[in-house]
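# Have a look; sequence and predicted model below, questions after that.
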Amino acid sequence: MNSNKNVVITGASSGIGAALAHEFANRGYNIALCARRVEKLDNLKAALSETNSRINVITAALDVNDLESVPQVLNDIKTQMGHLTIVIANAGITGVRRTGSGDLTVDKNIMQTNLFGAIATVDAAMAIFREQEFGHIVGMSSFSAFRGIPGSAAYSASKAALTNYLQAVGTEMFRKKDIQVTAIHPGFIRTEIDDNIDKFPFVIDADKAANTMVNAIEKGKTDIVVPSWPWALLRKVIPLLPNSVMAKVF
Ligand SMILES: NC(=O)c1ccc[n+]([C@@H]2O[C@H](COP(=O)([O-])OP(=O)(O)OC[C@H]3O[C@@H](n4cnc5c(N)ncnc54)[C@H](OP(=O)(O)O)[C@@H]3O)[C@@H](O)[C@H]2O)c1
C-alpha cells in the first residue's frame with residue numbers, strides 16, 4: 001500500500017459509504033470497500049483508482065448479517081493492508097412498518113443489520129485495534145437515535161441502541177488515547193436508502209455530508225450530527241416535542 005492510512009468502509013456500494021470512499025481517496029487514504037453487491041464495489045474501485053493513482057483500493061464481499069464472517073473479512077483486509085487506521089460501520093437498511101401488523105420480519109431485518117451487523121463490525125475492529133494498540137472506529141447512527149420517528153420505530157430504535165453502544169465502547173477506551181470512537185448522526189442525506197428523501201426537510205447530497213464527516217473523523221470528534229445546521233440545535237429540542245408536533249412533521 002502506498003499511504004500509511006488505511007480505511008475500511010462497510011456499505012460502500014452506494015450512498016454515504018461510496019461518498020466517504022471518494023472523500024477518503026481524495027485525502028490519500030488506501031481504502032477497503034465492503035458490501036454485498038461486489039460488482040458495484042468493483043466499479044467504484046475502478047473510478048477511485050482512475051482519479052487517485054497514489055492510493056490502493058481493495059474490495060471485499062461482506063454481508064454484516066453473517067455475523068461470524070465479519071471478523072474473518074476484517075482480519076483478511078488487515079492482512080492485505082498491514083494495519084487498519086479507521087473502520088467505518090456504515091452498512092444499514094431502513095423499512096417502514098406500522099406497529100400492530102403482527103409481522104415482525106421488517107423489524108427483525110432492521111435490527112439484525114443496523115444493530116447486530118454494526119456491533120459485529122465494531123467488535124471485530126476493536127479486536128484488531130487492541131492488538132495494534134491504535135485505531136478509530138466510526139459508527140453510522142442517525143438523527144432518529146434522539147427521537148423515534150413514526151413509521152420507523154425499529155429503525156429509530158436500532159440507531160438509538162447503536163449510539164448507546166458506541167458511547168459505552170468510547171468510555172471503555174477512555175484511557176487508550178490511540179483508540180478512538182466516533183458516532184455519526186446524519187439528518188436527511190440524498191441516497192438510495194429512501195426514494196422519497198426529498199419530502200423530508202434539510203436534505204443534503206451525500207458528497208457534502210461525506211466531506212463534513214471526514215473532517216470530523218480526522219479531528220477525532222466523538223459524536224457529531226451532519227449537517228450541523230439545523231440538526232445540532234434540533235437535537236436538543238426534538239426530545240422535548242409533543243407527539244402532536246412530531247406527527248405533523250413526519
Ligand atoms: N441517507 C440518510 O438520510 C441517512 C440518515 C441517517 C442515517 N443513515 C445511515 O447511513 C448509512 C448508509 O445509508 P445510505 O443512506 O448511504 O443508504 P444506501 O445508499 O442504501 O446504502 C446502504 C449501504 O449499506 C449496505 N448494506 C445494507 N445491508 C447490508 C448487509 N447486510 N451487509 C453489508 N452491507 C449492507 C448496502 O450495500 P449492499 O446492498 O451492496 O450490501 C449499501 O452500500 C446507513 O446505516 C443508514 O442507516 C442514512
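Structure received.
# And the closest residue to I204 other than its chain neighbours, how far from the ligand?
Excluding its sequence neighbours, the residue lying closest to I204 (Cβ to Cβ, 6 or more residues apart in numbering) is P227, at 5.6 Å. Just so you know, the C-beta spots here come from the backbone N, C-alpha and C atoms, and that holds for glycine as well. Plainly put, P227 is 11 Å away from the ligand if you go by Cβ to the nearest ligand atom, to the nearest Å.
# same thing with R37?
According to Cβ to the nearest ligand atom, R37 stands 3 Å off from the ligand.
# Can you tell me which residues in this protein are near the ligand?
Counting by Cβ under 6 Å from any ligand atom, the chain comes close to the ligand at 10-17, 35-37, 40, 62-65, 90-93, 113, 117, 140, 142, 186, 188-189, 191-193, 197.
# picking that back up, A209 is in contact with the residue nearest to I204, correct?
Yes - using Cβ atoms under 8 Å, P227 makes contact with A209 at a distance of 7.0 Å.
# more neighbours, these two?
Between P227 and A209, A209 has the larger neighbour count (other Cβ atoms under 10 Å), namely 24 against 19.
# How many neighbouring residues does R37 have?
Residues lying near R37 (other Cβ under 10 Å) number 12.
# Could you point out the longest strand of this structure?
strand 179-186 (DSSP state E).
# now what about the following helix or strand past that strand, what contacts it?
Downstream of strand 179-186, the first helix or strand assigned by DSSP states H and E is strand 189-190. Residues outside strand 189-190 that contact it (Cβ atoms under 8 Å, 6 or more residues apart in numbering) are 15-16, 197-198, 203-206, 209, 226.
# One more pass at 6 Å, please.
Among residues not part of strand 189-190, those counted as contacts by Cβ atoms under 6 Å, 6 or more residues apart in numbering are 16, 197, 203, 205-206, 209.
# Please apply the same query to stretch 5-21.
24, 29-35, 37, 40-41, 44, 77, 81, 84-91, 121, 189, 191-192, 206-207, 210.
# Check the spacing between the one residue sitting closest to the centre of the chain and P71 real quick.
Most central in the chain under Cα atoms, centre = their mean is N90, positioned 2.3 Å from the mean C-alpha point. From N90 across to P71, the span is 17 Å (Cβ to Cβ, to the nearest Å).
# now, among the contacts of strand 189-190, which is nearest to the ligand?
Distance to the ligand across the contacts of strand 189-190 (Cβ to the nearest ligand atom) is lowest for I16, with 3.6 Å.
# Now for that closest one, how many residues are close by?
Should you count by other Cβ under 10 Å, I16 turns out to have 27 residues around it.
# so which strand or helix has it?
helix 15-26.
# That helix: which residues count as buried?
Residues of helix 15-26 classed as buried: 15-25 (neighbour count, 16 or more other Cβ atoms under 10 Å).
# Switch the residues you listed over to TSV; also include pLDDT and distance to Y165.
Converted to TSV, those look like this (pLDDT from 0 to 100; distance: Cβ to Cβ, whole Å):
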residue	pLDDT	distance to Y165
G15	98	22
I16	98	19
G17	98	20
A18	98	25
A19	98	24
L20	98	20
A21	98	24
H22	98	28
E23	98	25
F24	98	24
A25	98	29
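# Among the residues you listed, pick out the one closest to the ligand, please.
The closest of the buried residues of helix 15-26, once distances to the ligand are taken by Cβ to the nearest ligand atom, is G15, at 2.2 Å.
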